[in-house]
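J.: What shape does this take:
(2 chains)
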Amino acid sequence: MMTQNDFVRQMRPGNSAFYDTRSQWNRFHCDIPMIVLLLILSTVGLLVLFSASGQNISLVKSQLVRFGIGFIAMIALAQIHPRFFERWAFLPYLGGILLLIMVPLFGIEKNGAQRWLSIGVQFQPSEIIKVSIPLLLASYLAKRSFPPSFKHVFFSLLFIAIPVGLVANQPDLGTAILIAIAGFSVLFLSGLPGRYLIFSSLSLAVVIPMGWLYVLHDYQKQRIITLFDPESDKLGAAWNIIQSTVAIGSGGFNGKGWGHGTQSQLNFLPESSTDFIIAVFAEEFGLFGVLLLVALYFALIARCLLISVRAQSMFGMLFAGSYTVLFFVYIFVNMGMVSGILPVVGVPLPFMSFGGTSVVTLMCGFGILMAISTEKNDMEKKRGG
Amino acid sequence: MDNHHPFKSPQFERQQFRARLFFGTSLMVLLVSILLGRYYYLQVIKYEKFMTRSESNRVLVEPIAPTRGLIYDRNGVLLAQNRISFSLSVVIERADDLGLLLEEISSLITLSDKEKSQFYKQLNRRRRPFESVLLKMDLSEEEQAILAVNQYHLQGSLVTAKLLREYPFGQNFAHALGYVGRINDHEVDTLDPVLYTGTLVLGKTGLEKKYENDLLGRVGYQTVEVNNRGRMMRLLQRESPIDGKDLHLYLDYRLQRQAYRLLEGEKGAIVVIEIDTGGVLAMASAPSFNPNEFVSGISHKSYSELTHSSELPLFDRALRGQYPPGSTVKPVYGLAALDEGVINENYRISDPGYFKLPNSEHKYRDWKKGGHGNNIHLHDAIVQSCDTFFYNLTNLMSIDTFDRYGSAFGFGQKTGIDMPLERKGIMPSRSWKQEARSMRWYTGDTVNVSIGQGYTLTTPIQLAVMTAGIASRGEMRTPQLVQNQQNILPVKRKIEISENHWNYVHQSMEDVVHGAKGTARGISKGLNYKIAGKTGTVQVIKIKQEEKYDAGATAKRNRDHALFVAFAPRENPKIAVAIVIENAGSGSSQAAPVARKIMDAYMNFYPEALGGL
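T.: The predicted structure follows:
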């Protein structure tokens, strides 16, 4: 019956809101500051991709198509009432889990890891889980009292552990950690008691050495060793990181100019259009560009935080907050690994890295955020009416 | 105790959420500060370092080898030139599996063990990234074709054109020009690595070695931008190499060829000097070798054949062969006796066929059994090569006098020719004997020295210089292969002897060839110019007091060395010739005819030497 209402409310014309310009956009559930920031970031991303791919216009076009799909998906999701997401949050989660189980069975292997599924188009189910985990936990915990009880924490951890285990098994440790962080951030924001935090930090202290011994693959260990001593293996594992720090460092403050990054244009930089694209950006636009880009990201993060704080429902607050944290972690992990302060894990840089699934799922997340941000006005309208 | 609220309180929840979100935001700000700090560190603090590294990634400095200078004879004929040759090298960075690549290459073309070992040695040296390592030089056309066809699966191999040294006259000039060869391990440590970047070869012997610095030229560079596969993207800067200087020699290729031909089948040397300049017109040593084999790396087999041959083909007899000069020194000691005033033109001896020192019964025998008769004066002694006359001089002159004149004519010292590894021979003296043998000098030693035997050793080039000195009446010049700017070398030393004495000795030497009793009279037939010369026949084995030497019965290697020195034309000398033929027999029968042919050839090529034609 709630769903029925949702569709009805979209068609219902607002009386007083009709002459309010802000509400004009709100009628279509569009958060203008967010859309403007997303458009700027997407444009910057496409420009950088053009340079990073070696002026490969067809690559840029296909990325543009993905952005288009992402934007349409975002606008579409924004039209749906948050309560709908709250209610049906388990669906994308279950779907994602199902797809993750299918990966080892029908998946495509790339670079020694099975991460991809193909149904006409190739995509990574782990990307879907990244968005559906905060969605599920926000919906699960929002119904319960704050802070969550032991039982709820336990189930929440279980919800997190299943996809984390599946993704880690692909193996894709980076995404697994990101999924875990996304889940924990919901727990944290929901007011997880301090003793849990202390307990989990202690258990991490135990798990990390255990993981090093029994869980991590050799190549993953090598990546971590590389982090601390990049010169140890100049042509092997450390090649990427040496070349990316050289690219970043040689950009200086002003950068070498768009399309003039020698590291990327002459192919010294590997993965220059995907995970390592920030090195291209930093080389060509310098620290000045990096500061501007981080400022743009932070403007977006700030907007998201504002949405989170203003959200009407507990679900809205939790999802918007944890999704913002996830978005930040993406940026931090990617920029950190490329600049050599974090181990190399397969994490794309939002709006910059070439890759379909992450663009679309990222936009879907922002679509839900927009739905949350415009929920408030509905309430006001209800109150007013 | 469970501290969560029993009732759902939106107000409390919102407050707690905000607190947590604030905490999270603070953490984000902290983390992003660390991140930006890292970028600031890389892009501002370490900018110079990374800029340099990025430049060294992208920019490759490639040496451009200069073209080695050419060598011309006096007529402008090329004696050493550069031809295009194709060589195979490997860019290690582009080869996936080096061992496999080498295996494949050696299944297609033959690679010698030497080539492989040199390749691996070179591999271990310091290289620029993407600098190719030479594997095989001078590919044949067939090998080029095979490699071209299989190029697609020989990733990392590279066939490049290079200029390679070539000696069109082969063995004719082998000793004089020397040869270039690949730079070996020893040399690489001593060479200036900057000058030799991109250059594969180095002058190893002869003029190629002596004039290495001039011939090499100066390396050029091009700075290119490369991608990660080392492929050149564009040229950034180019500094052209400066080609090596060409050498113009005094050598005449025609005379040199003639000289070498005359020595064919023999062991020996011929040196021809242009008297007016000191320039070397011909300098041949036989047997010889093909210098072209050394250029691209001689095979072990050929090399060991050359080094193990008893004929010593690699040995440059003209500069390094040390022979007793024998009777060819008689004009010098004759001049000495005249100049010292111990004899005059009328001084005569009678020759019983031997000489005895006072208070000694030891007989120093003349080569002519029974002697040359009575009334032998210096002229006769030179013409007939009378040993007894010169033995007798030891009663009149000490070894110091012999030494002084011998040294004045260049014995016992390097001539200073512009060639490496010249030997200086021996001009015996008291001090020499004391040093070399730790023995005092005996008068008997002087007797042997008086006829150019005993301890005396000279090289063919020294004999030629001596002859030129006599011909030019004492103008001692440094022999030279490469023409200098002034074209005439200054006189190094002038031997001051009265004109009468020069005339007397020149006349005596003329009569060696043209006189009725001359030891070389056999070559005078049909001469339309006059040759002045002196024969020499040098014992290889000691002949006992009463034994007789019989050339026919003596093994070839024990036969006498045949020597002849000469200049012509007698009145206005143009060239001086020195000939040494090992184990050939007598100088008059074996060496003198060779000199005649050389002289004839010269007069034929330079008819103006005969005067006013």
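
J.: So residue B:366 sits against residue B:388, correct?
T.: Yes: counting by CB atoms under 8 Å, residue B:366 sits close enough to residue B:388 to count as a contact (4.7 Å). Placement of C-beta: from N, CA and C, glycine included.

J.: Could you find the closest non-adjacent residue to residue B:455?
T.: Distances taken as CB to CB, 6 or more residues apart in numbering or on different chains place residue B:428 nearest to residue B:455, at 3.9 Å, with adjacent residues excluded.

J.: now do residue B:279
T.: With CB to CB, 6+ apart, the residue lying closest to residue B:279 is residue B:250, at 2.9 Å.

J.: and that neighbour, what does it touch?
T.: Applying CB atoms under 8 Å, 6 or more residues apart in numbering or on different chains, we find residue B:250 in contact with B:74, B:274, B:277, B:279, B:280, B:281, B:480, B:481, B:482, B:483.

J.: Of those residues, which is the nearest to chain A?
T.: Nearest to chain A out of those is residue B:482 (CB to the nearest CB; 48.5 Å).

J.: Identify the bridge partners of the closest one.
T.: Residue B:482 forms beta bridges with residue B:249, as assigned by DSSP bridges.

J.: ok, how many other residues are close to it?
T.: 19 (other CB atoms under 10 Å in any protein chain shown).

J.: Hmm, residue B:248 and it touching each other?
T.: Yes: with contact defined as CB under 8 Å, residue B:482 counts as touching residue B:248 (7.0 Å).

J.: Is it correct that residue B:579 falls within a strand?
T.: Yes: counting by DSSP: H, G, I helix; E, B strand; the rest coil, residue B:579 is part of a strand.

J.: ok and the residue in chain B nearest chain A?
T.: Closest to chain A within chain B is residue B:50: 2.5 Å, counting by CB to the nearest CB.

J.: How are the helices of the stretch 101-250 of chain A distributed by residue range?
T.: Secondary structure of the stretch 101-250 of chain A, counting by DSSP state H, counting those that start in this stretch: helices at A:125-143, A:150-168, A:173-189, A:194-214, A:218-228, A:239-251.

J.: quick one: buried residues of the longest strand seen in chain B?
T.: Counting by DSSP state E, the longest strand found in chain B is strand B:78-90. By 16 or more other CB atoms under 10 Å in any protein chain shown, the buried positions in strand B:78-90 come out as B:78, B:79, B:80, B:82, B:85, B:86, B:87, B:88, B:89, B:90.

J.: State the pLDDT value of the fifth one.
T.: Okay, so that is residue B:85. Note for residue B:85: predicted pLDDT of 87.

J.: do the same with residue A:363
T.: We have a pLDDT of 91 for residue A:363.

J.: elements contacting the host helix or strand of residue B:294?
T.: Counting by DSSP states H and E, the element that carries residue B:294 is helix B:292-295. If contacts are counted by 3 or more CB pairs under 8 Å, 6 or more residues apart in numbering or on different chains; DSSP states H and E, helix B:292-295 sits against strand B:157-166, strand B:180-182.

J.: With distance to chain A, mean neighbour count and mean pLDDT added, can I get those in CSV?
T.: Listed next are these as CSV, based on distance: least, CB to the nearest CB, whole Å; neighbours: other CB atoms under 10 Å in any protein chain shown; pLDDT from 0 to 100:
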stretch, distance to chain A, mean neighbour count, mean pLDDT
strand B:157-166, 20, 17, 86
strand B:180-182, 30, 23, 88
